[in-house]
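> Following is a predicted model, sequence given first.
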Amino acid sequence: MPEQRKHTTVSIPTPLYRNIKKRIEGTGFTSVSDYVTYVLREVLASLEEGTSEEVFSKEEEDRVKDRLRALGYLD
Amino acid sequence: MVNRPHGGKLVRRKLGEKVRDRVLEEIGEYPKIEIRDVNAVDVMSIADGVYSPLSGFMMSDELQSVLVDMRLPDDTPWTIPSVLDMDRGSIDFEEGDSVILLSRGKPIARMYVEDIYTYDKAGYARSVFGTEDPAHPGVKRVMEMGDTLIGGELEQIAEMDAPFPDHYLTPHETRVLFNERGWKTIVAFQTRNVSHVGHEFLQKTAATFVDGLFINPVIGKKKSGDFRDDVILKTYEELIKHYFPKEITHMSILRYEMKYAGPKEAIHHAIMRKNFGCTHIIIGRDHAGVGNYYGPYEAQEIFKQFPDLGMEPMAFQAFFYCHKCGNIVNAKICPHPKEHHDSLSGTKMREMLKTGEVPKPHHMRKEVFDALRSFENPFVE
């Protein structure tokens, strides 16, 4: 069943590639690609922090607050 | 603001009143699937956004992606499949049809069947549980599943009949609550056991570094000999009432059936708590483990593979009383050998319940033990 995940190629300057290769020696990263993927995911996640799409209206939020008060969770 | 939902948007899959009434009027025209309780709980979790960003049961490309890469096809971290299984012979509908999902005969959701596909159970088990051993409870469950999976989005028609409705808050509700209380950083504690002093100190240690503590007991199918759900809730209510500051503590339940998938399930637990608004999760020794299938700290180490998870694990070793320290400590901060350590085993606690012997204060709070003893039989038959 399992198949390999699809990958694509991104170009980075050769000196940077060499620096990263040196940087990951002795770490858990087995390739420059793994390291770059990790860093990019971390960067993207930090950029997305604090952003979220709201799907609830003010009326719905008021209903929620009423329930929370009825249950004793809010004063 | 509390943490953003996983995938960026809190999913809500509930039919509006008018559409729901129309669907119920026309219900005779839909094929129907009677689903098991575990799947009905998944339906509720999808509809309420506990499983955000999932909006239905997984299709083959999603399952494949989760099993191989621990990620959804759009790269969002996801480690535990959410699938609806059936036997091929009982399928009387096609891809493109809408079907009604029944829980104990009650219509709870409409599902758009987008994918009907077969799967390799051994590969599924190997990927999720790291073993094909049928003695593993999660593997056993997979081997008992139907031979075909049904994928597609769903919309909830009605709540399933579930216990403790007043103890359940949806992710939207916890988010409103946390925001109203001004909490920005919240640590989640998952439990499926009665409270004892070791856990209390673990929770309090974690809570010291954040705005709020979210105690989130797992309610659902349990093994024979486990503590009953109502017992777990009652003991925690007593503990919180007497020993936790109300302003920084909240408890509500999670409806969920444990998979015992160790490290991968720890990530799943973190994702669910992220959707409730938490920023941190306590991961102890052998979190979500069973038997000796996983290393004691594998569930803590797996978080390093997910820099984009958006949840910080708070990794702890077990807490216990040390006679030499004269205090509740854990292995990391206690220099003394094991003969000075004193913790209450499950077996010992069961014996004490039978004999009426009161645990020492450094094992279990008196109020908690009194609550425990107020039940004639606190265990699942």
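Received it, and whenever you're ready, just let me know what you need.
> In the stretch 101-250 of chain B, what residue spans correspond to strands?
B:106-112, B:115-118, B:148-156, B:186-191, B:212-219, B:249-251 (DSSP state E, counting those that start in this stretch).
> and the second one, what's its mean pLDDT?
On average, the pLDDT along strand B:115-118 is 98.
> can you check the first one too?
Mean per-residue pLDDT for strand B:106-112: 97.
> Then the third one?
Confidence over strand B:148-156, taken as the mean pLDDT, stands at 98.
> And whichever helix in chain A runs longest, what does it pack against?
In chain A, with assignment by DSSP state H, the single longest helix is helix A:32-48. Judged by 3 or more CB pairs under 8 Å, 6 or more residues apart in numbering or on different chains; DSSP states H and E, the packing partners of helix A:32-48 are helix A:14-23. Every C-beta, even on glycine, is put in place using the N, C-alpha and C of the backbone.
> Check what contacts the helix it packs on and list those residues.
A:32, A:35-36 (CB atoms under 8 Å, 6 or more residues apart in numbering or on different chains).
> Measure how the least confident helix or strand in chain A by mean pLDDT sits relative to helix A:14-23, angle-wise.
One helix or strand of chain A scores below all others by mean pLDDT, DSSP states H and E: helix A:32-48, with a mean of 89. Following axes from the mean of the first three to the mean of the last three CA atoms, to 10 degrees, one obtains 100 degrees for the angle between helix A:32-48 and helix A:14-23.
> Count the residues that sit near B:H136.
For B:H136, the neighbour count with other CB atoms under 10 Å in any protein chain shown is 21.
> Equivalent analysis for the one 5 residues further on, please.
B:R141 is flanked by 15 other residues according to other CB under 10 Å.
> what does B:L84 give?
There are 24 residues near B:L84, going by other CB under 10 Å.
> what's the answer for the one 10 residues further on, then?
When neighbours are counted by other CB under 10 Å, B:E94 registers 9.
> Please apply the same query to A:T8.
So A:T8, with other CB under 10 Å, has 4 neighbours.
> Please give me every residue in contact with A:G28.
So, once contact is read as CB under 8 Å, 6+ apart, A:G28 ends up touching B:K304.
> Show me the helices in the stretch 101-250 of chain B, by range?
For the stretch 101-250 of chain B, helices defined by DSSP state H, counting those that start in this stretch occupy the ranges B:121-129, B:137-143, B:171-180, B:197-207, B:229-243.
> What are the contacting residues of stretch B:347-359?
Contacts for stretch B:347-359 (CB under 8 Å, 6+ apart): B:196, B:344, B:364, B:366, B:369, B:372-373, B:378-379.
> same question but for stretch B:196-207, I mixed them up
Under CB under 8 Å, 6+ apart, the answer for stretch B:196-207 is B:187, B:189, B:191, B:193, B:213, B:215, B:239, B:243-244, B:248-249, B:280, B:282, B:284, B:314, B:316, B:318-321, B:328, B:330, B:343-344, B:349, B:361-365, B:368.
> Could you rerun that using 6 Å?
B:187, B:189, B:213, B:282, B:314, B:316, B:319-320, B:328, B:362-364 (CB atoms under 6 Å, 6 or more residues apart in numbering or on different chains).
> sorry, back to before: buried ones in the least confident helix or strand of chain A?
A:32, A:35-38, A:41, A:45 (16 or more other CB atoms under 10 Å in any protein chain shown).
> center of chain B - which residue?
The centre of chain B sits closest to B:Y256, judged by CA atoms, centre = their mean, with a distance of 4.9 Å.
> Could you double-check that it lies in contact with B:P217?
No - applying CB atoms under 6 Å, one finds B:Y256 not in contact with B:P217, separated by 10.0 Å.
> Quickly note the distance from the nearest residue to B:D229 once chain neighbours are set aside to chain A.
Leaving aside its chain neighbours, B:D229 sits nearest to B:I219 (4.8 Å; criterion: CB to CB, 6 or more residues apart in numbering or on different chains). With the distance defined as CB to the nearest CB, to the nearest Å, B:I219 ends up 16 Å from chain A.
> repeat for B:H167
On the measure of CB to the nearest CB, B:H167 and chain A end up 9 Å apart.
> follow-up on the earlier one: any residues touching the least confident helix or strand of chain A, and which ones?
So helix A:32-48 is contacted by A:17, A:20-21, A:24, A:29, B:307-308, B:310 (CB under 6 Å, 6+ apart).
> can you redo the contacts of stretch B:196-207 as a markdown table with pLDDT and secondary structure?
Putting those into a markdown table (pLDDT from 0 to 100; DSSP: H, G, I helix; E, B strand; the rest coil) gives the following:
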| residue | pLDDT | secondary structure |
| --- | --- | --- |
| B:V187 | 98 | strand |
| B:F189 | 98 | strand |
| B:L213 | 98 | strand |
| B:I282 | 98 | strand |
| B:M314 | 97 | strand |
| B:F316 | 93 | coil |
| B:F319 | 92 | strand |
| B:F320 | 94 | strand |
| B:I328 | 95 | strand |
| B:H362 | 94 | coil |
| B:H363 | 94 | coil |
| B:M364 | 94 | coil |
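> Specify which member of those is nearest to chain A.
Proximity of the contacts of stretch B:196-207 to chain A was ranked by CB to the nearest CB; the top entry is B:L213 with 13.9 Å.
> mind showing which ranges of chain A have poor pLDDT?
Within chain A, the stretches with pLDDT under 70 are A:1-5, A:50-53.
> Now do the contacts for B:I215.
B:189, B:251.
> Mind doing that once more with 10 Å?
B:187-191, B:195, B:199, B:203, B:207, B:236, B:239-240, B:244, B:249-253, B:282 (CB atoms under 10 Å, 6 or more residues apart in numbering or on different chains).
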